[in-house]
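K.L.:
Turn this into a structure:
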Amino acid sequence: MIILRNQKGFTIMETLVSFILVMIILMNMFSIMMTYREKSTTEMLREDYLTLKAVVTKDIQNDILKKELVDIKQMLPANQCGADVVSCIELSFKDNTTKRLFVYNKQTVDQVRNKYIQYGDQKYRIRDDIPDASQIPAGRTVLDYQTVNVYSGRLFEKREVAGYTIYGIHITITYKDFDDDFGIHIIAIPGYMNSLYSE
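P.N.:
Now for the predicted structure:
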């Protein structure tokens, strides 16, 4: 009895095509993974900024409401609050205590990583995903990778309306990949039912 066996196997061409198909699938999967990872990192950064905004705003609001704000004045010159501080305000409360609010936002290579908002003794670090010096190509600096813009030029506003003093506190924080403003924006009206508004 003769048994016929199928001697057909994979040819080199079939093996090569299979290998190419597998590589295409793996490259697409890798691309999808990298896109997901990038989006995940971006969303985590967004959450960090939202948390920063919520924490700083809450701390200032708690003092304004619980200690009862009496007055806010701009500190001139601003360096009374520290070297390299461009704008600084002092909040005065009914219990005769004061707290200063300012942003440390120096734009030099060695200190760009150290941005923070300070309210009283509390420092709130502003996260900025800047690469380490070892990862920066020759001819470029840390400033080329700066992604967070902090603007405190409107930190303090004061208006008189219908016999009430309206104070505005504004620190704008933006990040290159988002349209959002993650800054602190508070409007306070001392003496008017202890009014407070923030966004």
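K.L.:
what helices or strands is the helix or strand harbouring L101 leaning on?
P.N.:
Applying DSSP states H and E as the criterion places L101 in strand 98-104. Other elements packing on strand 98-104 under the criterion 3 or more Cβ pairs under 8 Å, 6 or more residues apart in numbering; DSSP states H and E are strand 88-93, strand 116-119. From N, CA and C alone the C-beta is placed, and that goes for glycine too.
K.L.:
quick one: which of those has the weakest pLDDT on average?
P.N.:
When the helices and strands packed on strand 98-104 are compared on average pLDDT, strand 116-119 comes out lowest at a mean of 91.
K.L.:
Against which helices or strands is it packed?
P.N.:
helix 12-66, strand 98-104, strand 122-125.
K.L.:
buried stuff in it?
P.N.:
Neighbour-count burial for strand 116-119 flags I117, Q118, Y119 (criterion: 16 or more other Cβ atoms under 10 Å).
K.L.:
do the same with stretch 175-193
P.N.:
Quick answer for stretch 175-193 (16+ other Cβ under 10 Å): Y175, D181, F182, G183, I184, H185, I186, I187, A188, I189, P190.
K.L.:
Tell me the one among those nearest to M23.
P.N.:
Y175 (36.4 Å; Cβ to Cβ).
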